[in-house]
Every structure is written in C-alpha cells, then in structure tokens.
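In: build me a model from this:
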Amino acid sequence: MKFNRQETLDLILKEEYGFLPKECEKPLDYSVEEEKVINNIHIQKVIMSYQGYKMRTYLYLPEGKKNVKTFIFVMHEYAENLADKDLVGKYQTFYRYCPLDYVVGKGYGVMLVATREVAPDEKNSKRPSIFDAMTLDRGDSDWGTLQAWSWACRKALDYLYTMPETIDLNNVVVIGHSRGGKTALLTAAQDERFIMAVSSCSGNSGAALARNNTGETIKDITFHFPYWFCHNYYKYAGHEEDLPFDQHQLIGCIAPRYAYVLSATEDAWACPKNELEACRKATEFYEEYGVKGLIAPEEITTDVSYNEGNIGYHYKTGVHCIEQRDWDMVINFLEKHRGK
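Out: Numbering: from 1, shown residues only. You can find the predicted model right below:
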C-alpha cells in the first residue's frame, strides 16, 4: 500500500495539531454524578477525572434500548449549559445544533463533550484546564487545544466501553460543527474505534484544503486562535505552499472507515469548494483499501446527500451551522452503510 497511515498521521500531528503528552495514555476515573429519565430519555451526568481535574459530560440514551448506535458530539460549552430539557429554552442555540429529543427519539445515543470543560477557547486564559495536569515534553510539537478536545472525545469513548450491553461499540460516531468538526476529523483519524467522523463547516485546518483557500487562511486562523495548534504550524502562515501535507490526508487517515463532510452556501469563510475538493482527493486513499470514497458528479446539487461511498458529502443552502436537516442526512448515511 502506497499510503502509510501512521507516517502521515505523525507528520500532521508534528506540524499542525501537536502530539499528546505521555500522561494522556493513563486511564481516567469515571463517576456518574446524576442519573434520571425524562420523556423516555435516560440521562447520565458523567464526571471524567484526571489527577483531580474534573471534566463534566452528559450521556443521553433511549430508555430501555440495547445495542445503541451513539454519537459523541463536540460542543463549545461548559457543562452547566448542557442541562436536559432546559436546552429548548435558555440554550436554544445549542439545541438547534444538537436536537437531542429528535436524535434520541430516532433510537440513537448522544454523548456531549463540553470543550470548555477540557480547555478554554480563548487566548491567555486563566481558567483551569487539562493542560495544568500535564507535562509538556515535545517542544514546538506539543499539543494544542484541538488535540486536547480530541483527547477528551477519546476518553469519552473509553467510558462508553464500560457499557458494552447498552452501547453498540462498533458504531460510535464523533461529530462536530466548525472547530468541533476539526476536532471530530482529528479524533477519528487517531482512534480507529470510531466508525465515522462527521465534520460540519470545519473549514481551514479541518476538512478544507489549505492551499488555494479562498476563505480563512492559516495566517488568519493562527492569528486569532494560535492556541488551537502546535507552534510548528505558525510557520505555514502565508506559506501554505510549504506544507508537507494537506487536509485531504487527514480525511485519508480515517480510511477505510466513514467520513461525512457538510458545507453551506453562505459560509464562504469555510471555503466549501476546498472542503469538497478535499473529499475528492481523499478518495484515492480509500481506494487503496479497496473501498469507494466520495461518489459525486463534477457539478454537485445543493441539498443533496452524496452518500454512496465511504465518504459522504452535502452542500446545503444556508449559513454556518448544523441543524436537524443535516442530522437527517448524516443518520441516513449511517443507516445506509451500517444498518438501522
């Protein structure tokens, strides 16, 4: 095989997202702080702890159902904003992105990873974070915040592995929007236990090719969010042509498993053209495994899910968001390839 997944992944981590500290290999402690059933939805508030640092998450499951296909959703929030039915009211914006009642009502589980519980999403933050409990030992390739969030998703999956009679461990999907979409791709690329990654409008340093990007550039993203990446990535600001890889190779590291990318017509900053092109270019890596990648015509149609291959894609009419109609297309893709 021409494509060496591990070598490619190591290069991407070294130059863009950073490597995990050695401590990250240690198991976390898990405890269920609260458990209840509301409208046939079984809700657990789960505490993931490492050396005294606590990260709160929520798990939503259809009550009484076994072998549940489950989404780990990357959410840009603190856990106190991830309450149960209150999401429809005070946290309506979050509920639009992740319509819990709807998804769980269709028979799926949802585990929410609140990114700000792991590491703050701001420059020079004084808030506690997982970085305080870790040793930095890789220099310019030390992990950034995207990698920390990705690590938390993998630890959330570890918790699901303690529930083999309830969770369908062969069908756990990591999904996120915008920076969460970047995190989802990075997570599935590193952890082969995830059957699928879903990236919504993840743009630069996510699903979109960096070269010839007509939206956000590496210079833009490293200026506004330098803490997302390792220090090595800064040298490519304004010098994308010097990159020894591009984002289609990150998608390729998920092969032969499933990847789903969605873009929006009113989201030029995320460069939908380069998101689609990355899916097309990643197809060559899937073909090396003997499976199809993206199957789509040269001229695509908006609001149509191209879901025949192991890479799915749709280009919706709308703005920078993920909403119920996107979840529908993602669930249809999952059921097409993995059964109901």
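In: okay, CA-based contacts and neighbour counts for the rest of this
Out: Fine.
In: tell me if residue 44 really is in a strand.
Out: Yes. Assessed by DSSP: H, G, I helix; E, B strand; the rest coil, residue 44 belongs to a strand.
In: is it in a bridge, and if so with what?
Out: Beta-bridge partners recorded for residue 44 (DSSP bridges): residue 35, residue 59.
In: what distance do you get for it to residue 116?
Out: Going from residue 44 to residue 116 by C-alpha to C-alpha, to the nearest Å gives 19 Å.
In: same check, this time on residue 329
Out: According to C-alpha to C-alpha, residue 329 stands 28 Å off from residue 116.
In: tell me who's in contact with residue 211.
Out: Neighbouring residues of residue 211 by C-alpha atoms under 8 Å, 6 or more residues apart in numbering: 240-241, 246.
In: my read is it is in a strand, agree?
Out: No. Under three-state DSSP, residue 211 falls outside any strand and is assigned coil.
In: how far away is it from residue 224?
Out: For residue 211, the distance to residue 224 equals 19 Å [C-alpha to C-alpha].
In: got the phi/psi numbers for residue 249?
Out: Backbone torsions for residue 249, taken as degrees, to the nearest 10, come to phi -70, psi -30.
In: excluding its backbone neighbours, what's nearest it?
Out: residue 282 (6.3 Å; C-alpha to C-alpha, 6 or more residues apart in numbering).
In: ditto for residue 70
Out: Once flanking residues are discounted, residue 70 sits nearest to residue 109: 4.2 Å by C-alpha to C-alpha, 6+ apart.
In: wait, the one you found sits on residue 71?
Out: Yes. Using C-alpha atoms under 8 Å, residue 109 makes contact with residue 71 at a distance of 6.0 Å.
In: quick revisit: residues near the residue nearest to residue 70, how many?
Out: Per other C-alpha atoms under 10 Å, the neighbour tally for residue 109 reads 28.
In: now it: how far from residue 61?
Out: Computed as C-alpha to C-alpha, the residue 109 to residue 61 distance reads 5 Å.
In: between the two, which contacts overlap?
Out: Shared contacts of residue 109 and residue 61, defined by C-alpha under 8 Å, 6+ apart, comprise residue 68.
In: ok, residue 280 touching residue 298?
Out: No. Shown here, residue 280 and residue 298 do not form a contact pair, counting by C-alpha under 8 Å, at 9.9 Å.
In: out of the two, which sits in the busier spot?
Out: Each of residue 280 and residue 298 has its neighbours counted (other C-alpha under 10 Å); residue 280 has more, 18 against 7.
In: residue contacts, the more buried one?
Out: Neighbour list for residue 280: 293-294 [criterion: C-alpha under 8 Å, 6+ apart].
In: now do it against residue 195, distance only.
Out: Per C-alpha to C-alpha, residue 280 is found 20 Å from residue 195.
In: residues of stretch 290-310 that come out buried?
Out: Neighbour-count burial for stretch 290-310 flags 291-296, 303, 305-310 (criterion: 16 or more other C-alpha atoms under 10 Å).
In: how far does that stretch stretch from start to finish?
Out: Terminal residues of stretch 290-310 lie 11 Å apart, using C-alpha to C-alpha.
In: can you check stretch 165-183 too?
Out: Using C-alpha to C-alpha, first and last residues of stretch 165-183 are 28 Å apart.
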